[in-house]
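1. coordinates for the following, if possible.
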Amino acid sequence: MQQSEGMKQKNRLNHLLTAYLENRCFEAEFSELLVLLERAEQDPEIKQTLHTYWQTLSIPPTGMPPSMSEDPDLWFEEIYTEARMREGQITRPQPVHRRAHRRSGMLLRVAAILVLALSLSLAWLTLNPLSKGPSGESTVTMVEKRADRGEKVRFSLPDGTQVHLNSDSRLRFESPFGDSLRDVHLEGEGYFVVARNEEKPFVVHANGVRTRVLGTSFNVRSYGDQARATVAVTHGRVSVQELREESADEVFEPIILEAGQWANYDTSTDRISRGEGDLTEWVAWNEGVFLYSDKKLAEVANELERWYGVDIQFADPSLGECVIRGEHRNEVLENVLNAIGYAFDIDYRIEGRLVTLSGEGCESQNR
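-> Okay, here's the model as predicted:
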């Protein structure tokens, strides 16, 4: 069942608030959060989400002067102005328009959340693309965005490129980008919708493969524990080239991929193969679909660990050799395990984050 727009907005706001409080909010996300706060006065659903989120906080905001708690209506503007000024440090300074009207108590509580975030946000300076050095000149900062096991993260890069990170992935890049290239380094899996800039190509480095584009949409899968890196193009055109560290002076001919095509780089043989057709296998995750087609259960278990943030073990290692296929859209882990159990004689036990699979498995089908 697809989420309603209201539920999507609620989940998005919760994500933005949490990211801001934990000092891992990206600049575009910060701007998006301020826009939502602006709308809270006229949007009951946003107000309710803010109220619910506030109630989940287990500690009061720190660093709040006593006078603020006595008359919150008087200090909201100071808090909001400080937040807007911080936004100016992160992007470009914007004029702060003070509100003449009084804010609701719910919005004031969220302002208190921003006070807590600001008091903890020294880490912002390490993410600031416009931070100044001793000479007053702009400095370059290495930024890292992560999606831990069991989560997926979406954010925007400074150039407007949209990035969707799959579970257990990270993306590193310099902010601001260089003068000639927009270089990013991926570990894991990511889907990119690249903002077009013909004068500054976008380049993804991943596990010995370099993907170069001007403006397009594509998926890169490159987990360190897998011997294959895959680039799949959904729109536009990309150039894929292998990079061998031991052959730094040797230039390898790039492969040009267009929409509906993919390239696989085998790290064990240093060979690139290509294909074309249905890209569902590589992009389904971006739509909340957990898909496995004719894969060994051991491989499926490995993906389940990333997807749901669990550890899976087999009571009998031979269970991992069973070949299985399936498709699950936004399903809870138990439903996926039940489907696997129906396909084979397999039982499961969940203890915290540990999942144990047992039974006869595909051996029972061979009798």
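
2. how many residues are close by Phe177?
-> Using other CB atoms under 10 Å as the criterion, Phe177 is surrounded by 20 other residues. Backbone N, C-alpha and C define where each C-beta goes, glycine included.

3. and Lys10, what does it touch?
-> 45, 49 (CB atoms under 8 Å, 6 or more residues apart in numbering).

4. any idea how far Thr52 is from it?
-> Distance, Lys10 to Thr52, by CB to CB, to the nearest Å: 8 Å.

5. kindly report the same for Arg325.
-> Arg325 is 40 Å from Thr52, by CB to CB.

6. try Phe290
-> For Phe290, the distance to Thr52 - CB to CB - is 28 Å.

7. again, but for Glu32
-> Per CB to CB, Glu32 is found 19 Å from Thr52.

8. what of Pro317?
-> With CB to CB as the criterion, Pro317 and Thr52 are 45 Å apart.

9. okay, these two: which has more neighbours?
-> Set Pro317 next to Thr52 and count neighbours by other CB under 10 Å: Thr52 wins out with 12 against 9.

10. name the SS class of that one, please.
-> Secondary structure state of Thr52, per DSSP: H, G, I helix; E, B strand; the rest coil, is helix.

11. going forward, count from 31.
-> Will do, 31 is the new start, and the previous item becomes Thr82.

12. next, find the distance separating it from Glu75.
-> Thr82 is 11 Å from Glu75, where distance means CB to CB.

13. what about the stretch 281-397 of the chain, any weak spots by pLDDT?
-> 281-282, 393-397 (pLDDT under 70).

14. same deal with the stretch 131-280 of the chain?
-> Checking the stretch 131-280 of the chain against pLDDT under 70 turns up 131-168, 274-280.

15. repeat that with 90
-> 131-173, 188-190, 204-210, 226, 228-229, 237-239, 244-245, 254-258, 271-280 (pLDDT under 90).

16. and the strands in it?
-> Secondary structure of the stretch 131-280 of the chain (DSSP state E, counting those that start in this stretch): strands at 171-177, 183-186, 192-195, 199-205, 212-223, 232-236, 239-243, 247-252, 258-265, 267-272.

17. the second one packs against which elements?
-> Which is strand 183-186. If you count contacts as 3 or more CB pairs under 8 Å, 6 or more residues apart in numbering; DSSP states H and E, strand 183-186 packs onto helix 57-69, strand 171-177, strand 192-195.

18. straight-line length of stretch 255-268, end to end?
-> 25 Å (CA to CA, to the nearest Å).

19. phi, psi of the nearest residue to Glu219 once chain neighbours are set aside?
-> Nearest non-adjacent residue to Glu219, counting by CB to CB, 6 or more residues apart in numbering: Asn196, 3.8 Å away. Per-residue torsions, Asn196: phi -80, psi 170 (degrees, to the nearest 10).

20. is Asn196 in contact with Gly218, as I believe?
-> Yes: look at Asn196 against Gly218 with CB atoms under 8 Å: they come within range, at 6.2 Å.

21. who touches both of the two?
-> By CB under 8 Å, 6+ apart, Asn196 and Gly218 have these common neighbours: 177, 251.

22. can you map out the strands along the stretch 281-397 of the chain?
-> Using DSSP E, counting those that start in this stretch, the strands of the stretch 281-397 of the chain run over 285-288, 291-296, 301-306, 319-326, 341-344, 353-359, 375-381, 384-391.

23. between those, which one is closest to Arg240.
-> Nearest to Arg240, of all these, is strand 291-296, at 10.2 Å by CB to CB.

24. each with direction, which strands does the closest one pair with?
-> Next to strand 291-296 in the sheet, as set by DSSP bridges, lie strand 258-265 (antiparallel), strand 301-306 (antiparallel).

25. buried residues of that strand, list them for me.
-> With burial defined by 16 or more other CB atoms under 10 Å, the residues of strand 291-296 counted as buried are 291-295.

26. mind saving the C-alpha coords of that strand as CSV?
-> C-alpha atoms of strand 291-296 as CSV (Å, rounded to 0.1, in the frame of the first residue of the first chain):
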residue,chain,number,x,y,z
GLN,A,291,21.7,-0.3,-20.5
TRP,A,292,24.1,-1.5,-17.7
ALA,A,293,27.7,-2.4,-17.2
ASN,A,294,29.2,-4.9,-14.8
TYR,A,295,32.8,-4.6,-13.6
ASP,A,296,34.2,-7.8,-12.2
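
27. tell me the angle that strand makes with strand 232-236.
-> 40 degrees (axes from the mean of the first three to the mean of the last three CA atoms, to 10 degrees).

28. wouldn't Gly307 be in contact with Ala262 here?
-> No: assessed by CB under 8 Å, Gly307 is found out of contact with Ala262, at 10.4 Å.
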